[in-house]
Each structure stands twice: as C-alpha cells, then as structure tokens.
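Peer 1: Coordinates for the following, if possible.
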Amino acid sequence: MMNDKKNASRRDFLKGTTAAAAGVALAGQMSIARTAHAAGSDVIKVALIGCGGRGNGAVQDSLNADPGIRVIAVADSFEDRAQGTAKRLREHKEFKDRVDLPDDRVFVGLDSYQKAIDAGPDMIITATPPGFRPMVYAAAIKAGKHVFMEKPCCVDAPGYKILMEANQMAEDKGLKVGVGFQRRHQPEYVETIKRIHDGAMGAITLLRAYWNGGGIWNRPRKEGATEMQYQVDNWYHFCWLSGDNICEQHIHNLDVCNWAWAKDGDPKKAHPVEANGMGGCLQRYLGGNKGTGQIFDEHFVEFTFADGTKMYSQCRHIPNTFSSVSEHAHGVKGESNCAGWIRGETEWRYDGARVNSMVQEHKDLIAAVRADTPYHEGWHGASSSMTAVLGRLATYSGKIVKWDDAVAKGASEFPANLAWDAPAPVTKNENGDYPIPMPGIYVPY
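Peer 2: As a prediction, the model looks like this:
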C-alpha cells in the first residue's frame with residue numbers, strides 16, 4: 001500500500017499537470033500543433049526516450065515510416081544503452097544521414113527524459129519501462145511535443161489519472177498522440193472490427209483474449225548495482241515497472257476486445273466496469289528464477305462490461321503449455337477472430353492489402369502531424385492500460401474489483417524517491433524472496 005509520502009508525490013504531480021492544462025486554456029486560439037515541427041520544412045525532429053529493445057525498434061519504425069524524420073536526441077537511465085543506441089543509429093547504413101546525435105544530446109540518468117524533451121524535438125518516442133510512462137508523457141505534453149508512447153501507458157491507478165489529465169492537455173493543445181497498439185493499424189483488424197461494429201455477427205455476447213507463451217527474459221544482477229538499479233534493469237519482473245505480464249504483453253489482446261466491444265463508444269468509457277480472477281507464480285520461481293522478481297506466471301480474469309458482456313482473459317508464462325496470442329468475439333449470429341474472418345450467418349475472410357503495422361502506426365501519426373488533423377490515441381491507451389491494471393488487482397486479491405473504486409482508491413506502485421541510491425519500492429524478505437501478492441490477503445485498494 002502507499003505511504004503518505006508516496007501519496008503526496010503523486011498528488012503533487014497531478015496538481016502540476018492540472019495547472020499546466022489550465023494554462024493552455026488561457027493561450028487563446030494559437031495552434032500549438034502547427035508550431036510543433038519546423039515550419040515550412042519536411043523535417044520532424046524526434047527524441048527517443050528509452051533505449052531498450054522496444055525503443056530501438058520504435059525509432060527505426062519511425063525512420064522507416066517517413067523520410068522527414070530526424071533523430072536529434074536519445075535518453076536512457078543507463079549509459080550503455082543510451083550510448084549503444086546512439087552508436088547504432090549513427091552507423092546505420094540506411095539511416096545515418098538522418099541522425100544528428102552529438103555527444104551532448106545523448107542523455108543518461110533517471111532525469112534524462114526531461115533533458116531529451118528540452119533538447120528541441122518536435123516529437124518524442126517513449127519506450128521506457130511502463131512505470132515511467134505517465135510522467136514522461138505528461139512532461140512531453142506539457143512541453144508541447146507530439147508523442148508516440150509504447151504500451152502499456154500506466155501500471156497503476158495514479159498513473160492512469162496522470163494519463164487522463166495529460167490526454168486532456170494534449171487535446172486542448174491540438175497535439176498528436178500515438179500509442180503502440182499496432183493492431184489498430186493492421187488492415188485485417190481494422191476491417192474485421194468495422195464489420196463487427198456494423199452487425200456482421202449481431203450483438204456481441206462474449207469476448208476472449210489470450211497471451212499464453214513460454215516466458216520472457218530475466219536479467220542477472222550486475223556487480224555493484226544498487227537495488228534500484230537492479231530493479232530498473234530487470235524491470236519486467238517488478239510490478240512498479242511493468243505492471244506484470246497482464247499489463248506488459250496481454251494488454252494488446254485486452255485492447256482489441258475493448259475496441260470490438262466499443263461500437264460508437266466514447267474511448268474514455270471503452271473498458272470493463274468489473275473484474276474477478278485468479279493467478280499465481282509457481283513455475284517462475286521454482287523454475288530457477290526464485291528471488292529475481294515478484295510477478296505472476298499466469299492470470300485468468302473474467303471482465304464485465306457496462307452492458308453485461310463478459311470478456312474471458314488468459315495470459316501465462318509457462319513453457320510446454322497451451323500457447324495462443326489471439327482475440328475472439330462471439331455474437332448472436334456468428335463469431336470472429338477479430339483479425340480477418342467472420343463466420344456464422346455471415347461468412348467473410350479478409351483478402352486485402354497487408355502492411356507492417358509497427359511501421360504503419362508511425363506513418364499514421366506522422367501524417368496527422370503534417371496535416372494537423374485530429375489524432376489522439378491516448379484515450380484508448382489509458383482505458384486499455386487501466387483495464388489490465390483492473391485485471392491484475394483482481395488476480396492478486398482474488399476479489400471482485402470495481403473500475404470506479406480501483407481508479408478512485410488504487411494504490412501507487414511508484415517509489416516515493418526516484419534515485420539510484422534511494423530505497424527500492426520492494427525489498428527481499430529474510431528468505432531472500434521479493435514479496436509475492438497473496439490472493440485473499442492482498443488488498444486491491
């Protein structure tokens with residue numbers, strides 16, 4: 001649970017974003033969107049914040065998406081990652097002529113995100129560990145930057161509130177926001193969901209979502225690392241940084257199901273209102289990773305939407321078990337995989353164009369920046385991220401968890417003091433284990 005110091009830190013940040021949003025309202029009719037890239041130029045300057053595998057992939061996707069992209073800054077908490085990304089970009093056979101990265105725009109440290117934002121980009125790409133995303137996003141929007149933000153966008157309810165305030169600020173400023181839900185830019189998904197919304201299956205009665213696979217990397221502790229450094233380095237395995245695998249990976253599938261359900265819906269309300277579930281972490285720790293993290297191996301959640309529709313959700317990290325990464329919608333007249341076919345009274349299969357959706361999502365965002373057309377994926381980024389948090393609260397606690405209560409009363413996972421030598425949010429017990437949430441004992445809010 002949060003202590004008073006942690007509560008105060010989150011409240012102060014929220015007050016800051018609210019004040020910034022109020023300032024926007026006083027700015028008159030000036031279109032920040034029109035001034036957020038070089039006037040009269042095809043160049044869009046980009047700063048990458050978060051230089052891990054996804055950050056390196058995202059910045060290359062952006063460079064592939066548009067010849068006008070110029071990378072002018074990179075930032076990461078760890079020097080080897082920031083310098084490694086800068087070196088790869090400078091030496092890249094295809095992109096090196098579109099990279100302007102002097103040493104003084106390669107930023108390192110826990111505050112490096114703000115230095116990159118202040119370095120003069122028109123747009124930022126943020127691919128930090130998810131726990132950092134709300135504050136990075138809010139800082140970028142406050143500074144008037146367009147944003148591409150990887151998923152999930154938050155790992156707890158206070159982070160969701162920061163997102164929602166920053167989303168409103170972005171809307172008021174006319175800034176463009178993309179979120180790394182590439183399925184929303186994949187033609188077979190787009191066409192299938194449109195047909196579902198147009199009634200090809202009749203009213204939806206059930207949704208199913210899966211991310212079941214063998215597991216994920218686990219990084220060893222580096223010699224001399226503080227506890228905070230170890231946890232940030234091995235971020236996937238700590239709830240305050242990843243939100244657990246239900247947030248970090250399974251969110252893709254939850255987002256598709258929210259999208260399928262939300263016909264003509266307000267993206268702010270495209271989410272379940274209740275969840276109950278179960279989960280555990282037997283294999284992850286007995287299988288050789290004991291004492292290296294605290295997240296679950298598996299989650300099963302029954303979500304309920306406002307109209308009573310159910311969504312059954314599975315995610316698992318256990319080798320040699322049933323594997324599936326997929327989504328399914330069932331209606332009174334048929335069923336669909338949400339990604340290319342519908343069967344039942346209507347039989348249909350997608351046979352159109354295919355694209356690299358991880359490049360396409362950047363193309364769509366950049367096109368909106370150039371044309372100054374409305375483009376704001378931050379709303380469903382927030383809704384789907386909080387849907388995953390809702391599911392985690394249900395599996396950790398074993399209780400029925402309500403959306404409104406979780407948003408209003410959900411605890412912060414973030415540390416009160418973010419510094420390499422500060423106490424980490426979770427510490428090992430006398431047996432050398434990190435605390436594991438216990439259903440029936442864990443309090444969701």
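Peer 1: Okay, domains of this protein per the record?
Peer 2: 4-182+360-376, 184-353+386-409 (automatic domain parsing).
Peer 1: Just the terminal-to-terminal distance for the shortest one.
Peer 2: The first residue of domain 184-353+386-409 is 31 Å away from its last residue (Cα to Cα, to the nearest Å).
Peer 1: ok, now stretch 250-270?
Peer 2: Terminal-residue distance, stretch 250-270 (Cα to Cα): 17 Å.
Peer 1: Repeat that for stretch 93-101.
Peer 2: 15 Å.
Peer 1: one step back: mind telling me which of the domains of the chain the model trusts least?
Peer 2: In terms of average pLDDT, domain 4-182+360-376 trails the rest of these, at a mean of 88.
Peer 1: mind checking how far that domain is from the chain centre?
Peer 2: 13 Å (Cα atoms, centre = their mean, to the nearest Å).
Peer 1: Then stretch 263-274?
Peer 2: 18 Å.
Peer 1: Mean neighbour count added to the domains of the chain, as CSV?
Peer 2: No exception for glycine: its C-beta is placed from N, CA and C like everyone else's. Formatted as CSV, the domains of the chain follow (neighbours: other Cβ atoms under 10 Å):
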stretch, mean neighbour count
domain 4-182+360-376, 20
domain 184-353+386-409, 19
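Peer 1: Secondary structure class of residue 313, three-state.
Peer 2: Applying DSSP: H, G, I helix; E, B strand; the rest coil to residue 313 yields a three-state assignment of strand.
Peer 1: who does the lengthiest strand in the chain touch, helix- and strand-wise?
Peer 2: Criterion DSSP state E: the longest strand present in the chain is strand 204-213. Applying 3 or more Cβ pairs under 8 Å, 6 or more residues apart in numbering; DSSP states H and E, we find strand 204-213 packed against helix 251-261, strand 310-317, strand 324-331.
Peer 1: will you turn the domains of the chain into CSV that also has distance to residue 429?
Peer 2: Listed next are these as CSV, based on distance: least, Cβ to Cβ, whole Å:
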stretch, distance to residue 429
domain 4-182+360-376, 20
domain 184-353+386-409, 10
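Peer 1: Which one, of those domains, ends up nearest to residue 445?
Peer 2: domain 184-353+386-409 (3.8 Å; Cβ to Cβ).
Peer 1: now that closest one, how far from the centre of its chain.
Peer 2: On Cα atoms, centre = their mean, the centre of domain 184-353+386-409 falls 12 Å from the chain's centre.
Peer 1: where along the stretch 51-200 of the chain do the strands fall?
Peer 2: In the stretch 51-200 of the chain, the strands defined using DSSP state E, counting those that start in this stretch lie at 69-76, 106-108, 123-126, 146-149, 177-179.
Peer 1: now what about the first one, what contacts it?
Peer 2: Contact partners of strand 69-76, identified using Cβ atoms under 8 Å, 6 or more residues apart in numbering, comprise 43-52, 55, 59, 62-63, 82, 85-86, 89, 95, 98-101, 105-108, 112-113, 115-116, 119-121, 366.
Peer 1: Restricted to helices, list those residues.
Peer 2: 55, 59, 62-63, 82, 85-86, 89, 112-113, 115-116, 366 (DSSP state H).
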